[in-house]
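**Student:** next input, structure requested:
(chains A and B)
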Number of protein chains: 2
Amino acid sequence: MPELRRDPVAGRWVVFSPDRLRRPFDFKWTNQETDFFEDNPFLPGNEGFTPNEVYVTREPGSQPNKPGWRVRVVPNRFPALRIEGELEKEAVGFYDRMNGIGAHEVIIETPNPRLALEDQPLSGIVEVLTAFRSRMLDLAKDMRFRYIQIFKNVGPMAGASLRHPHSQLIAIPVTPISIKHKLRAAKNYYETKDRNLFEDILRNERNSGERMVYENAGFAAFCPFASRLPFEIAIFPRRQSPYFPQTSDHDLVLLADVLKRILQAYRLGLNSPDYNLLLISAPLRKPRGNSSPTLDQDFRWHVEILPRMSGIAGFELSTGFYINPTLPEEAARFLREVKTDV
Amino acid sequence: MPELRRDPVAGRWVVFSPDRLRRPFDFKWTNQETDFFEDNPFLPGNEGFTPNEVYVTREPGSQPNKPGWRVRVVPNRFPALRIEGELEKEAVGFYDRMNGIGAHEVIIETPNPRLALEDQPLSGIVEVLTAFRSRMLDLAKDMRFRYIQIFKNVGPMAGASLRHPHSQLIAIPVTPISIKHKLRAAKNYYETKDRNLFEDILRNERNSGERMVYENAGFAAFCPFASRLPFEIAIFPRRQSPYFPQTSDHDLVLLADVLKRILQAYRLGLNSPDYNLLLISAPLRKPRGNSSPTLDQDFRWHVEILPRMSGIAGFELSTGFYINPTLPEEAARFLREVKTDV
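**Tutor:** Have a look, this model is predicted:
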């Protein structure tokens, strides 16, 4: 059974997942990205290598867990967390632990192992985003879960182990500290100023324009004022909403348009950097002791895209203080000028 | 002039360092570790490639900034922060910034580019630790600085760009959030229990023994209960002290012994993984609003060593929630059994 343990000094939780357990002699290969196609569990025809699908879009007449799908969501074969069981929060000595209850799913974005997300037609990207929305709505019904993270790791520097285009979803029973910080900052801002922090950032960025990269009627993509990494992108929805799953079909098309524009600019302008894409949405339930009625007004879901062109080093790991050699104003100017299909 | 910018949502500060600025076309090489020896600025004879030394141990009769040194500390050629100037904290729109005032130094641990820290005789490791102590004591006199981080990045996965054995020191004008969390946890624990958190962890680990790897009269090295990464190590001093620079000559020898044992176990048992070594000491000055008289009792300096055998992925970056496939009990058992010179 996977286990969550809390560090008594740093306050962070760590997931221990024995099913993914690697022994010391298993670590030789982990710096390389596997690129094997015969054994690729995400290929059509290899559906038997994965657990059964929990969401799928398919061609009419095709069979469940057989070829004919376009987007396929399956539980991770080596899940970091298990869906069955109770949390059983308990003390071990003076340490805190609980069972590693949660969901860990893989969103296989296409049957074509070489078709990157940004090269799909808009309708294909929309199908992937619709799968995200559907899985979040379904898992939010499970009262044990507090927070759902959707993320996409591309390339070995970003922690990916398979090239076949895919995203992941993890549902966890606690709200992470880093998310709590964002919620608190948004709440404090709203209480002090009676204005939404994300809306004020958006207005500031649209007015100055120097960090803006692309926008359409629904979303704006810009390099944040305090970007951690070179060419980091934030995508904010222009309409207030704390929860990604509330996004309309129409807005998913507009989000797909922005993602296509940004990820193509990375590939064409920066020579396909490894990257992480993070979808950050409000927790499913309000944390204990937080009876704020303002969450709907103060926090806004958003996307962060972090190119991983250099390693995250000791100073950053220890202090959370990043050193960035590239100003976001310069990164934005460069990304704006890259010619893409969009 | 380097600049510090604060993210209004996450609350983190980011250092922008134009002297280290890389343009988009400079990013091609950054995934590779450079290994050039002629141009290596840390080689004896190449002292002219670096700024003048601020600390050194030398053979009798040798000249400053010439060969004959054993440990040499110089300002970083491409510093993330500048030592000259005032902070000039100010608002830019509603964003917060200040000048990137600070110190960024390199501790060149040996003239021999192939002599890893763990392969030096104990006396050599002690000379490196003595350099750390001396530089911290000197920089602590500068009233602009709040926190000093000493760290060692080894290998490209850990963010290193040169193989020649070296460590780094960064002094910054703010206390990082992650350090504030640790201070607060230690203070709360002490106020609640009237006991030191680090002492209680140490007692717990020594009693159970299952996560202990090595100890001597001054220090204990163990795999933390909530290790973020496989084979992570924490080294706690057995005597209470918040500040690393208070460490005695005698205790530096004992610390050198533990470092040699652990780093040799990594090399021999885990096939030389990339790693980060972090030395975490209390802030130089108490943050505003914290008039706690207990810091000397509640917080203890410590070392963290993080092997970087796989990438830090999107879930970790977003949530601060690590997924670790290796239980610390198993990692410790493995590291205990590796035969080393110590």
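**Student:** list the contacts of the nearest residue to residue A:90 once chain neighbours are set aside.
**Tutor:** Of all residues beyond its chain neighbours, the one nearest residue A:90 is residue A:97 (6.2 Å), with distances taken as CB to CB, 6 or more residues apart in numbering or on different chains. C-beta: built from backbone N, CA, C; applies to glycine. Counting by CB atoms under 8 Å, 6 or more residues apart in numbering or on different chains, residue A:97 makes contact with A:3-6, A:89-91.
**Student:** with residue A:137 instead?
**Tutor:** Contacts for residue A:137 were tallied using CB under 8 Å, 6+ apart; they are residue A:245.
**Student:** picking up where we left off before, narrow the contacts of residue A:97 to those that are buried.
**Tutor:** The neighbour-count criterion (16 or more other CB atoms under 10 Å in any protein chain shown) marks A:3-6 among the contacts of residue A:97 as buried.
**Student:** closest to chain B among those?
**Tutor:** Distance ranking of these against chain B, using CB to the nearest CB, places residue A:5 first at 4.1 Å.
**Student:** wasn't the closest one part of a helix?
**Tutor:** No: Residue A:5 is assigned strand when assessed by DSSP: H, G, I helix; E, B strand; the rest coil, not a helix.
**Student:** quick one: the helices in the stretch 51-200 of chain A?
**Tutor:** With DSSP state H, counting those that start in this stretch as the criterion, the stretch 51-200 of chain A has helices at A:122-139, A:177-193, A:197-208.
**Student:** packing partners of the last one?
**Tutor:** Using 3 or more CB pairs under 8 Å, 6 or more residues apart in numbering or on different chains; DSSP states H and E as the contact criterion, the neighbours of helix A:197-208 among helices and strands are helix A:177-193, strand A:212-215, strand A:219-222, strand A:233-237.
**Student:** same question, the second one
**Tutor:** Judged by 3+ CB pairs under 8 Å, 6+ apart, the packing partners of helix A:177-193 are helix A:197-208, helix A:295-298, helix B:314-319.
**Student:** looking at these, spot the one closest to residue A:273.
**Tutor:** Judged by CB to CB, the one of those that comes nearest to residue A:273 is helix B:314-319, at 14.0 Å.
**Student:** the closest one and chain A in contact?
**Tutor:** Yes: against chain A, helix B:314-319 shows contacts by CB under 8 Å from any CB of the partner chain at B:314-319.
**Student:** run the chain-centre distance for stretch A:331-342.
**Tutor:** Centroid displacement of stretch A:331-342 relative to its chain, using CA atoms, centre = their mean, to the nearest Å, is 23 Å.
**Student:** what's next to that stretch, contact-wise?
**Tutor:** A:210-214, A:222-223, A:227, A:230-233, A:257, A:260-262, A:264-266, A:268-269, B:24.
**Student:** likewise for stretch A:320-328?
**Tutor:** With contacts defined as CB under 8 Å, 6+ apart, stretch A:320-328 is touched by A:211, A:222-225, A:227-232, A:315-316, B:12-18, B:20-23, B:80, B:172, B:176-178.
**Student:** could you redo the last one with a cut-off of 7 Å?
**Tutor:** With contact meaning CB atoms under 7 Å, 6 or more residues apart in numbering or on different chains, stretch A:320-328 is reached by A:211, A:223-225, A:227-231, A:315-316, B:12-17, B:20-22, B:80, B:172, B:176-178.
**Student:** buried among those? Make that a PyMOL selection.
**Tutor:** In PyMOL, this line selects whichever of the contacts of stretch A:320-328 come out buried by 16+ other CB under 10 Å:
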select buried, (chain A and resi 211+223+224+225+227+228+229+230+231+315+316) or (chain B and resi 12+13+14+15+16+17+20+21+80+172+176+177+178)
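**Student:** among the contacts of stretch A:320-328, which are in strands?
**Tutor:** Counting by DSSP state E, the contacts of stretch A:320-328 place B:13-16, B:172 in strands.
**Student:** what sits against the residue nearest the centre of chain A?
**Tutor:** In chain A, the centroid-proximal residue (CA atoms, centre = their mean) is residue A:151; its distance is 2.2 Å. By CB under 7 Å, 6+ apart, the contact set of residue A:151 is A:167-168, A:276-279, B:314-315, B:318.
**Student:** neighbour-wise, which of those residues leads?
**Tutor:** residue B:314 (29 neighbours; other CB atoms under 10 Å in any protein chain shown).
**Student:** check contacts around that one.
**Tutor:** A:151-153, A:158-159, A:276-278.
**Student:** show me the helices in the stretch 201-342 of chain A, by range?
**Tutor:** Secondary structure of the stretch 201-342 of chain A by DSSP H, counting those that start in this stretch: the helices cover A:249-270, A:295-298, A:314-319, A:328-337.
**Student:** please identify the most buried of those helices.
**Tutor:** Ranked by mean neighbour count under mean count of other CB atoms under 10 Å in any protein chain shown, those are led by helix A:314-319, which reaches a mean of 24.
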